[in-house]
Structure formats: structure tokens, C-alpha cells
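1. this one's sequence-less:
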């Protein structure tokens, strides 16, 4: 029996997004769950004006498929491109966008989408089934040059044009997570004038989509300027405003220093900022600024073991590390209550999250006992030893999130109390990828946001990145199982089993959930965060 989504036909077929069942969103203390008010003092939204938004990093690439600088790159590219589906942030379910309906085979190898008629790219060309085929074939040809997108095309066979508005995507192996992927900016559709350009020429220019804004210019390390597109009329149903964007233009200013970015907001130079540092949250909140707050779905911030390293092959050592880390203290010391202590390897806003807080207990004595059993004895300097070797672990991290260093330094202190030494090493993204490829690290600190449990396969499967060299047949079976079925309940079971194995065997040690926090001036309205906790298209945004 096929799985399908057909709006307005209740009781017929199985909803494709059933496995994206609604989860109770974790409302951040004193914040709003991903939305800001859409009007001020009872005034209706007004058209016109420019919104200036402060980014923490240069996007690097505004191509939604490129190797951009994380959220900031997607904040920009999402304004230019639409996707086949939308993941409703209120429910976690897929709803129509450029596609009005879709079907999936039971084995999750074939996906058929029916497109909305009358949609055009900003270069004037129509959206057709051929457009979808050209886009997906372009991603596969680009391969590693499309890192944000190629991860969703494992086992890609072909895209078939059934008719002008019907397209069928086929995989040689099951790929159930492709449905949720169809809602991401990474699979946003690009126009023919963009596809005609080499991939390398799409990083700073030549990005044309069906979105509500068009690219005016991008000056690296300075700004990206977008202009309103006229004639936009196909926003998804979870947006309040369906027509042309209210704003005439959007200016994304690159302001790396958090204090300077906050100061620019306070002085009125800019209207909104992203990446609000925890130390500034309460100041802005008490000063009357609107904070848009939403916990990120996906892999929480955690320490993941490289299990090819001799010191971490022993599960008792990994479990001891997990017992010795006081996640509550980390959150309370370096963050704010807007950030939740991890209750699983997945954040609570991820569909199919399961509460494993009972297995994530802080117990220093239990940690010491595990290390004793594993043969590690305290040395003269307090660092445990075994066969003449110190229990010293090289730990890698990126500086892309301000509190990373403070969190790791506190964890470093906590682990020293059980005789474990952490050596902290920070890298740029290209450098870190080289370190991962070589395997010259013991622990990796980081997170990965995605509103689908398949994020675990990306991180921990031998068929995923496999940077951590995990050899766990049960985990691999669960990760491949969730990818192999379109049945919601069956898929949820695999994802929940994978979480349990990762936590209990301490393949990765969850610490806290990432939370996206934006700050808006009193004149800025209608800015929201999507199901991925990234900036949604600014259809609803306006300035007073």
C-alpha cells in the first residue's frame, strides 16, 4: 500500500508525513516559541521599507547547496528559494508548498510529487517537472560541491518527468528521510539561468529561485542585499501572508563581534540580529526587545567518541565520561534557561524524540568505579594511567557558537575530577574536516540541526559521515531500518531504538540543546523561525 498526502481528502491513503507527528515544542523560559508579534499596538502590517538584519558570520556561499557558513548562509538563501514541501513548525508535519500532493512507495524508494501550476522563477521561466529533474540531477552531478544537498541523495537512481506537473524520484535503496529533506532550503529549487552556470559561480551571484526576494548583490564579509520580487503568490499555509512580501528590501549585514552586533541593534543601526549570545539575552529582554526563541531540532550539543582510538574502544571509559559530566551545571553556568539540558541525543523538537533523561545521570563515584574496573588508576599528577599511558583525550571543536569554549572548559574541569585530561583543540571548518578524515582526535564537540531523526544516520552510521568509526551492529540496524520504511510507527521505533543505543553505550554524550535566539527592535514585526529553527522566509516581516 502506498503512502500519500492529498490535501482535502480525509481518510484516503496514509499521510506521508505521519512519521513527522507533532511533538510538544519546548517553550523557552520567558521567550516566544519561534515567532514574534505580527503587529504593534493593534496596527496592521504595512508594505514598504527595508529590514536590516545582523549576521554573526559571512555566508561564504548564498547557494543553498553550497558549503556556506551554517545558519547565516541559509538565512539568506531561504529568501531566494522555495521547496517542494514545508515542514510546519507548529506540528512537525509536512504540508504543501511547490508541490500540492505527493506519494511514497511502501519501500521508500519512489516519491511522486504533483506541482502547483502557475509558479515561476524570478528569471521568468515556469516551474515544471523538468525543473525538478534538472535540479536534482544538478545536485548529483555536483556531488561534493553541493555538500548541503548531496547527503539526501544516497542511492539516487533517476528523476522521471511523468507529465508537465508530475515528477517521480527513484532511489536504488530506501530513503524514507527524503520526504522531510524535500522541505529544506538545501533542496530549494533553482531556476534554469542558475543551473546553466558552473557551481562555482553560484556562491556570490547568479542564484535565482521562486522565492519572494531576489538577489541584488553580495559583498563578501560585508553585506547581502535582497529586493522584493513582484508577483509572488505561493507561500505555504503556515505563513500569515500569502502574496508579495511586505518589505521592499532586506539587508543582511555581516557583524561577527557579538557585542558590536548587539550594540548596533541597541543604537538603532539595524532592526534585528541573529546569534544572540547568552550573556546578552537578559539585558535585551529586560530592555523591551522582542526575542524570537526556538530550540533547534536534531543532534544536541554532545561529545562524540572516535571509537577507532584505543582509549575509547572500552565502553566503560565512554560511560565514565558520561557519568562525570554535569550537564545541568554546564547549562546553568554558561547559558540561560532558554537552553534545555539534553534529555536524549535528539532535541525535544525533533520528531520521534524519546526521553532518556533517566539514563543521563550525573554520578562521579559511579564514573570512578567504571574507570577502576577498566584498569585506569590515578597517577601522581591526578591523571589516570594504564600500562604507562595517560588517560588524556584530544577534543576538537569549532568556534561557530560563542559558548562552546566556556562549556568545554567547564567539562574539562568536571572530567579532571575523575582523572581524565581533556586537551582542547579548535579548528576552522576546512581544518576540522581534515582532522575528521584522518581520525586524529579522541572526542568531537558539536551538534547538527535537522528536523528529522535521520540526522542520527548522517552522524553515526557507517553509511553516513562515519567520522567516529562506530562499530555497533544494533545501532547500524536501527539507523538503516528508519531509512527503509515509509510507515510512521515502524520508522519511529527504529529512531527511538537508535537514540537508546547511542546514549546507553555512550557513543555520544548529550549535554545541552542548541536554541536559536533572534532579537528584534520594537519596529520589527512578523519574523519567525521554521521547523529547523532557522529563519523562515520573510513574507510576513514588516517594519513600522
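-> Looks like it came in fine. Keep in mind that what you see is a predicted model, and the values were worked out from it rather than measured.
2. quick one: residue 534 from residue 296, how far?
-> Between residue 534 and residue 296 the distance is 8 Å, computed by Cβ to Cβ, to the nearest Å. Every residue, glycine included, has its C-beta placed from N, CA and C.
3. what sits in contact with each of the two?
-> Contact criterion Cβ atoms under 8 Å, 6 or more residues apart in numbering; residues shared by residue 534 and residue 296: 449, 516.
4. would you map the helices across the stretch 351-500 of the chain?
-> Secondary structure of the stretch 351-500 of the chain (DSSP state H, counting those that start in this stretch): helices at 364-373, 404-416, 429-438, 455-460, 473-483, 488-504.
5. go through the fifth one and flag the buried ones.
-> Which is helix 473-483. Buried positions in helix 473-483, judged by neighbour count with 16 or more other Cβ atoms under 10 Å: 475-476, 478-483.
6. how many residues are close by the residue nearest to residue 164 when sequence neighbours are not counted?
-> Closest residue to residue 164 in three dimensions, ignoring its sequence neighbours and counting by Cβ to Cβ, 6 or more residues apart in numbering: residue 128, at 5.4 Å. When neighbours are counted by other Cβ atoms under 10 Å, residue 128 registers 18.
7. any idea of the pLDDT on the residue nearest to residue 203 when sequence neighbours are not counted?
-> Take residue 203 and drop its neighbours on the chain: the residue closest to it by Cβ to Cβ, 6+ apart is residue 61, 4.1 Å away. Per-residue confidence (pLDDT) for residue 61: 95.
8. and what about residue 61, helix, strand or coil?
-> coil (DSSP: H, G, I helix; E, B strand; the rest coil).
9. list the contacts for it?
-> Here residue 61 is in contact with 67-68, 73, 202-204 (Cβ under 8 Å, 6+ apart).
10. now do 7 Å
-> Applying Cβ atoms under 7 Å, 6 or more residues apart in numbering to residue 61 gives the contacts 67-68, 73, 203.
11. low-confidence ranges, the stretch 51-200 of the chain, go.
-> When residues are selected by pLDDT under 70, those of the stretch 51-200 of the chain lie in 69.
12. show me where it has helices.
-> Assigned by DSSP H, counting those that start in this stretch, the helices in the stretch 51-200 of the chain fall at 70-77, 129-142, 147-150, 178-181, 192-195.
13. do the same with the stretch 201-350 of the chain
-> So, for the stretch 201-350 of the chain - with DSSP H, counting those that start in this stretch - the helices run 258-266, 278-286, 315-324, 327-334.
14. can you give me how far the first one is from the chain middle?
-> Average the C-alpha atoms of helix 258-266, do the same for its chain, and the two points are 25 Å apart (Cα atoms, centre = their mean, to the nearest Å).
15. out of the buried residues of helix 473-483, flag the one nearest to residue 458.
-> residue 479 (9.3 Å; Cβ to Cβ).
16. domains of the protein?
-> 28-80+211-296+515-544, 81-200, 298-513 (automatic domain parsing).
17. residues near the residue lying closest to residue 49 once chain neighbours are set aside, how many?
-> Once flanking residues are discounted, residue 49 sits nearest to residue 543: 4.3 Å by Cβ to Cβ, 6+ apart. The burial count assigned to residue 543 is 21, neighbours taken as other Cβ under 10 Å.
18. so residue 543 makes contact with residue 524?
-> Yes: counting by Cβ atoms under 7 Å, residue 543 touches residue 524, with 5.9 Å between them.
19. show me whatever sits in contact with both of these two.
-> 51, 271.
20. ranking the helices of the stretch 201-350 of the chain by burial, who's on top?
-> Ranked by mean neighbour count, the helices of the stretch 201-350 of the chain are led by helix 315-324 with a mean of 24 (mean count of other Cβ atoms under 10 Å).
21. so which elements touch that one?
-> Identification of packing neighbours for helix 315-324 by 3 or more Cβ pairs under 7 Å, 6 or more residues apart in numbering; DSSP states H and E yields helix 364-373, helix 404-416.
22. need these in CSV (columns: mean pLDDT).
-> Shown next, in CSV, are those (pLDDT from 0 to 100):
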stretch, mean pLDDT
helix 364-373, 98
helix 404-416, 97
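23. among the ones you listed, which comes closest to residue 56?
-> Across those, closest to residue 56 is helix 404-416 (Cβ to Cβ), at 13.0 Å.
24. hmm, back to that, just put the buried residues of helix 473-483 in CSV and tack on distance to residue 283.
-> Below are the buried residues of helix 473-483 laid out as CSV (distance: Cβ to Cβ, whole Å):
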residue, distance to residue 283
475, 43
476, 47
478, 44
479, 43
480, 47
481, 47
482, 42
483, 45
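25. quick one: residue 56 and residue 72 touch, right?
-> Yes: proximity of residue 56 to residue 72 meets the contact threshold set by Cβ under 7 Å, at 6.2 Å.
26. which one's more surrounded, those two?
-> Just comparing residue 56 and residue 72: by other Cβ under 10 Å the higher neighbour count belongs to residue 72, 25 against 22.
27. count the residues that sit near the nearest residue to that one once chain neighbours are set aside.
-> Nearest non-adjacent residue to residue 72, counting by Cβ to Cβ, 6+ apart: residue 55, 4.4 Å away. When neighbours are defined as other Cβ under 10 Å, residue 55 has 23 of them.
28. ok, the one 4 residues further on next?
-> Here the number of neighbours of residue 59 (other Cβ under 10 Å) works out to 26.
29. excluding chain neighbours, what is closest to it?
-> residue 73 (4.0 Å).
30. and the one you found, how far from residue 408?
-> Going from residue 73 to residue 408 by Cβ to Cβ gives 25 Å.
31. residues touching residue 375, list them.
-> So residue 375 contacts residue 386 (Cβ under 7 Å, 6+ apart).
32. you'd agree residue 116 is up against residue 102?
-> No: using Cβ under 7 Å, residue 116 is not in contact with residue 102; the gap is 11.9 Å.
33. give me the more crowded residue out of those two.
-> Per other Cβ under 10 Å, whichever of residue 116 and residue 102 has more neighbours is residue 102, with 24 against 18.
34. what's the closest non-adjacent residue to that one?
-> Nearest non-adjacent residue to residue 102, counting by Cβ to Cβ, 6+ apart: residue 113, 4.7 Å away.
35. how about the one you found, what does it touch?
-> If you count contacts by Cβ under 7 Å, 6+ apart, residue 113 has them with 84, 99, 102, 167.
36. so what's it bridging to?
-> Beta bridges link residue 113 to residue 102, residue 167, judged by DSSP bridges.
37. would you mind measuring from it to residue 328?
-> Distance of residue 113 to residue 328, computed by Cβ to Cβ: 45 Å.
38. doesn't residue 306 make contact with residue 439?
-> Yes: between residue 439 and residue 306 there is a contact at 6.1 Å, judged by Cβ under 7 Å.
39. mind pulling up the pLDDT for the most centrally placed residue in the chain?
-> Taking Cα atoms, centre = their mean as the criterion, residue 449 is the residue nearest the geometric centre of the chain, at 2.5 Å. With respect to pLDDT, residue 449 scores 92.
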